[in-house]
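K.L.:
Just to be clear, the model below is a prediction. Sequence and coordinates:
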Amino acid sequence: MRFRLWRLVAAARLRRLGGRLVVEGRAPRLDGPLRLECGARPGTLTLRVGRAVRLGRDCVIDLADGVDGAIELADGVLLQSRVRLQPWGGAIRLGEHTQVRDGCELKAKGELRVGERVVVARHSSLHCHQAITIGDDVGLGDRVTITDSDHTNDGSGTPVLQQPVVAAPVVLERNVLCGTNVVVLKGTRIGADTVVAAGAVVTGGEHRSGWLIGGVPAKPLRQLRVGAHDDPSVPLR
């Protein structure tokens, strides 16, 4: 009932501003208010919802002016409280039985794809300008940041936020574990079954499967599994 009411109010608001709401699939369970934030010129929001999806209290869908966005929540997805979804011209796609815990922010100007049975722990941030792909069974600890872009700074005095954005895709393959306060930057590919130690900053490049990596910048520390390649400098592909 809560979601049906929200849908009616949100659709009317977007229509009044020249936008549109498209809802496909099932009605999720809402544990509390779901807020819709938008400017004066919203585009079309497409919301696809699977079975047994649950949204916690005070979650927010935040729309950018003049662009369309899509959110896909597959079967069994759980968003805990105060999760902010920002499909700013892109798509946020969460796989089956994925959990996004309290206070997280997911922003997509490109394609943000999260696999099945992933846990995104509290106050983590996924910031996608071009493409972020997170494989099945990945665990992201508290306050993890993953971003595929940053602003350049040419030293000219032009404000940094007005300078060009440089982006490169980020990929975390299946069963990667990122500890608390890990930062993953643009152009990074982390192989399957890898552990990223708490506090590490992964500054790009390819990291082989089955290793513990850590430090600033992150480097291979220890082989975790029998059969993992013993030379981490060899490229993944």
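P.N.:
Happy to help now that I have it.
K.L.:
lowest average confidence, helix or strand, in this structure?
P.N.:
The weakest-scoring helix or strand in the chain, judged by mean pLDDT, DSSP states H and E, is strand 149-151 (a mean of 92).
K.L.:
ok now that strand, how far from the chain's centre?
P.N.:
16 Å (CA atoms, centre = their mean, to the nearest Å).
K.L.:
same thing with stretch 27-45?
P.N.:
Taking mean C-alpha positions (CA atoms, centre = their mean), stretch 27-45 and its chain are 18 Å apart.
K.L.:
For the residue nearest the centre of the chain, which three-state class applies?
P.N.:
The centre of the chain sits closest to L126, judged by CA atoms, centre = their mean, with a distance of 3.7 Å. Under DSSP: H, G, I helix; E, B strand; the rest coil, the three-state class of L126 is strand.
K.L.:
and the gap between it and R13?
P.N.:
Computed as CB to CB, to the nearest Å, the L126 to R13 distance reads 27 Å. Every C-beta, even on glycine, is put in place using the N, C-alpha and C of the backbone.
K.L.:
try K109
P.N.:
23 Å.
K.L.:
The helix or strand containing I146 - contacts with which helices or strands?
P.N.:
Here I146, judged by DSSP states H and E, is contained in strand 145-147. When contacts are defined as 3 or more CB pairs under 8 Å, 6 or more residues apart in numbering; DSSP states H and E, strand 145-147 packs onto strand 125-128, strand 170-172, strand 183-184.
K.L.:
what about G95, how many neighbours?
P.N.:
21 (other CB atoms under 10 Å).
K.L.:
returning to what we had before: would you mind giving the helices and strands packed on strand 145-147 as a markdown table with mean pLDDT added?
P.N.:
Putting the helices and strands packed on strand 145-147 into a markdown table (pLDDT from 0 to 100) gives the following:
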| stretch | mean pLDDT |
| --- | --- |
| strand 125-128 | 98 |
| strand 170-172 | 98 |
| strand 183-184 | 98 |
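K.L.:
Output those strands as a markdown table; include the columns distance to I146.
P.N.:
Output for the helices and strands packed on strand 145-147, formatted as a markdown table (distance: least, CB to CB, whole Å):
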| stretch | distance to I146 |
| --- | --- |
| strand 125-128 | 5 |
| strand 170-172 | 6 |
| strand 183-184 | 4 |
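K.L.:
what's the closest of the ones you listed to A192?
P.N.:
For those, the distance to A192 is smallest for strand 170-172, at 9.0 Å, taking CB to CB.
K.L.:
Mind giving me the packing neighbours of that closest one?
P.N.:
Using 3+ CB pairs under 8 Å, 6+ apart: strand 170-172 touches strand 131-134, strand 145-147, strand 188-190.
K.L.:
List the contacts of T98.
P.N.:
Residues in contact with T98 (CB atoms under 8 Å, 6 or more residues apart in numbering) are 74, 76-78, 114-120.
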